[in-house]
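K.L.:
Have a look; sequence and predicted model below, questions after that.
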Amino acid sequence: METDILQLGHHGSDTSSSSIFIDEVDPAVAIYSAGENNQYGHPHDSVLEALEGRGTEVYGTSVDGTIVVTSDGESYDIETMKEEERTSEDIMSSDNESEHSSNNPDENVEEEAQGECIDINAASSEQLQSINQIGVERAEQIEELRPFSSIDDMERINGIGPARVDEIKAEGLACIGG
């Protein structure tokens, strides 16, 4: 079974994306979701090495920010929010010839998502979701619980504890008063 795009399981953990599985699926592109410098070491090196050995192009939220895949059912396009920050070391080259176009940064991305901090007391739900660990439900909780006096105060959000607050701080995107 061959696939164009594989969403790696459990943040690119080696317990969810073994070499055997990767060999069987043979993706042209693999995408993982993990916070930068997270305490679990996601994605795991063994997974990235297995993908690199196949010539699979890899995208990850820790490197690329938001990743948007669009398709017309025949071809696909991948856009990333932090395209300008990618280096050749971050991008795994692909020997596979696929019908996707080159990556272009989204030209309609809000200014806050392009390197400036996202003020958790003022940002829109969509902007908040650019922060590591913040999805739709947590963005709604942030909006309901405002104002926050510090990033540490985000522990008031359901499912956000000290370790996740540390990951959010390490990412450097969330702030109070941008």
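P.N.:
It's in.
K.L.:
Could you pull up phi and psi at residue 152?
P.N.:
The phi/psi pair for residue 152 (degrees, to the nearest 10) reads phi -60, psi -30.
K.L.:
my guess is it contacts residue 168, does it?
P.N.:
No. When contacts are counted by C-beta atoms under 8 Å, residue 152 is not listed as touching residue 168 (9.7 Å). Where C-beta positions appear, they are placed from N, C-alpha and C, glycine not excepted.
K.L.:
quick one, which of these two is more surrounded?
P.N.:
Set side by side, residue 152 and residue 168 show more neighbours around residue 168, with 21 against 13, by other C-beta atoms under 10 Å.
K.L.:
need the contact list for the more buried one.
P.N.:
Neighbouring residues of residue 168 by C-beta atoms under 8 Å, 6 or more residues apart in numbering: 35, 131, 132, 133, 134, 151, 154, 160, 174.
K.L.:
Could you name the specific helix or strand carrying the third one?
P.N.:
With the criterion set as DSSP states H and E, no secondary-structure element contains residue 132; it sits in neither a helix nor a strand.
K.L.:
Skipping adjacent residues, who's closest to it in space?
P.N.:
residue 35 (4.0 Å; C-beta to C-beta, 6 or more residues apart in numbering).
K.L.:
Need the pLDDT of that neighbour.
P.N.:
Predicted confidence (pLDDT) for residue 35: 72.
K.L.:
for residue 123, same thing?
P.N.:
Value listed for residue 123 in the pLDDT field: 91.
K.L.:
Now do the buried residues in stretch 24-41.
P.N.:
Applying a neighbour-count criterion of 16 or more other C-beta atoms under 10 Å, one finds 27, 28, 29, 30, 31, 32, 33, 34, 35, 38 buried in stretch 24-41.
K.L.:
on that earlier part again, name the nearest of the contacts of residue 168 relative to residue 17.
P.N.:
residue 35 (17.5 Å; C-beta to C-beta).
K.L.:
quick one: that closest one and residue 65 touch, right?
P.N.:
No. Counting by C-beta under 8 Å, residue 35 stays clear of residue 65, with 11.4 Å between them.
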